[in-house]
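[1] Take this sequence and fold it.
(one chain, ligands or ions: 1)
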Amino acid sequence: MVDFEFERNSLVDDLKMRGYVTSKAVEDAMRRVPREEFLPAELREEAYVDSPLPIGEGQTISAPHMVAIMAENLDLKTGQKILEVGTGSGYHAAVCAEVIAPDGHIYSIERITSLASFAEDNLKRTGYAKLVTVILGDGSKGLPDHAPYDRIFVAAGAPDVPSPLTAQLTPGGKLLVPVGTRWYQDLIRVTRQGAKLEKENLGGCVFVPLVGEYGH
Ligand code: SAM
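    Numbers count the residues shown, from 1 in each chain. The predicted structure follows:
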């Protein structure tokens with residue numbers, strides 16, 4: 001019988017030691033969200049290996065260190081409105097939800113129907129459904145209905161920064177998106193400064209491809 005809580009805390013201690021988790025807010029969030037609840041039953045015992053894992057349809061749940069890197073570099077704060085592109089299992093959204101609770105909200109868009117319902121079930125069972133709305137669709141075009149967003153993050157690799165996403169940022173808003181080929185990307189952070197967009201390269205990463213109008 002796996003002691004998930006013990007394993008979760010050991011993994012977060014390790015992520016802190018390796019410099020991926022740097023803030024108390026992200027640390028607390030990762031200590032609270034049960035990653036085992038966002039995995040297919042046969043993979044639950046692997047929940048606290050720091051690695052992406054298959055969730056069906058050829059897609060993956062992101063590795064915990066990547067979730068930590070993205071959460072830290074988004075500078076999340078309570079009350080923010082967030083758009084996630086690529087819901088997958090719903091785990092990444094749940095970690096962000098812990099940080100922006102109780103007044104913030106996450107709209108998370110997923111293009112594969114079975115994964116959108118998998119994520120919705122996972123988020124309901126773990127108590128995050130009030131903070132995260134899952135929507136089925138092509139997130140490479142963003143989600144104009146609820147724009148603008150304080151933060152946008154894309155959990156799939158794009159060929160370029162999708163222009164609809166930068167257009168849907170608030171002034172001072174930040175977007176994180178992996179940009180590159182189908183096999184390897186750089187994690188790009190875009191900050192909207194008035195009419196100007198500031199771009200920074202945060203380093204290499206590997207995501208499944210963003211598919212859709214502004215995807216591969
Ligand atoms: N953040 C997720 C988690 O914690 O489980 C992992 C996301 S997974 C690496 C990438 C997801 O992006 C996949 O579920 C894939 O179907 C989705 N995706 C790819 N292109 C998309 C698009 N244009 N719109 C919405 N979702 C997309």
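[2] and residue 5, what element?
    Residue 5 is part of helix 4-17 when elements are defined by DSSP states H and E.
[3] Compute the distance from the centre of the helix or strand just after that helix to the centre of its chain.
    Using DSSP H and E, the helix or strand that follows helix 4-17 in sequence is helix 24-32. When distances are taken as C-alpha atoms, centre = their mean, to the nearest Å, helix 24-32 is centred 15 Å away from the chain's centroid.
[4] now the helix holding residue 5, how far from the centre of its chain.
    That offset, for helix 4-17, works out to 19 Å (C-alpha atoms, centre = their mean).
[5] how about the residues of this structure near the ligand?
    Residues of the chain that fall close to the ligand, judged by C-beta under 6 Å from any ligand atom: 59-62, 85-86, 88-89, 91-92, 109-112, 115, 138-140, 155-156, 207-208, 210-212, 215. C-beta: built from backbone N, CA, C; applies to glycine.
[6] Strands along the protein, start to end?
    For the chain, the strands defined by DSSP state E cover 53-56, 59-61, 81-85, 105-110, 132-136, 149-154, 169-180, 185-193, 196-205.
[7] The fourth one versus strand 149-154: what angle between them?
    Meaning strand 105-110. Per axes from the mean of the first three to the mean of the last three C-alpha atoms, to 10 degrees, the angle that strand 105-110 makes with strand 149-154 is 30 degrees.
[8] ok, and the closest non-adjacent residue to the residue positioned nearest the centre of the chain?
    Note on the chain: the residue nearest the mean C-alpha position is residue 92, at 4.1 Å, using C-alpha atoms, centre = their mean. Using C-beta to C-beta, 6 or more residues apart in numbering and skipping residues adjacent in sequence, the residue nearest residue 92 is residue 67, 5.1 Å away.
[9] Residue 76 now?
    Take residue 76 and drop its neighbours on the chain: the residue closest to it by C-beta to C-beta, 6+ apart is residue 99, 4.3 Å away.
[10] Next up, the contacts around that neighbour.
    Contact analysis of residue 99 by C-beta atoms under 8 Å, 6 or more residues apart in numbering lists 25, 26, 29, 71, 76, 77, 78.
[11] The last one and residue 104 touch, don't they?
    Yes: shown here, residue 78 and residue 104 form a contact pair, counting by C-beta atoms under 8 Å, at 6.1 Å.
[12] So if I had to pick from the two, which one is more boxed in?
    Applying other C-beta atoms under 10 Å to residue 78 and residue 104 shows that residue 104 carries more neighbours, namely 19 against 11.
[13] before we move on, back to that, run a quick neighbour tally on the residue nearest to residue 92.
    What residue 67 shows, counting by other C-beta under 10 Å, is a neighbour count of 26.
[14] per-residue confidence for it?
    Confidence at residue 67, expressed as pLDDT, is 98.
[15] That one reaches residue 95, doesn't it?
    Yes: contact criterion C-beta under 8 Å: residue 67 and residue 95 qualify, at 5.5 Å.
[16] Mutual contacts of those two, please.
    Common contacts of residue 67 and residue 95, defined by C-beta under 8 Å, 6+ apart, comprise residue 30.
[17] and stretch 41-49, which residues are buried?
    44, 47, 48 (16 or more other C-beta atoms under 10 Å).
[18] Give me the distance between the second one and the ligand.
    Residue 47 sits 12 Å away from the ligand, taking C-beta to the nearest ligand atom, to the nearest Å as the criterion.
[19] Thanks a lot, see you next time.
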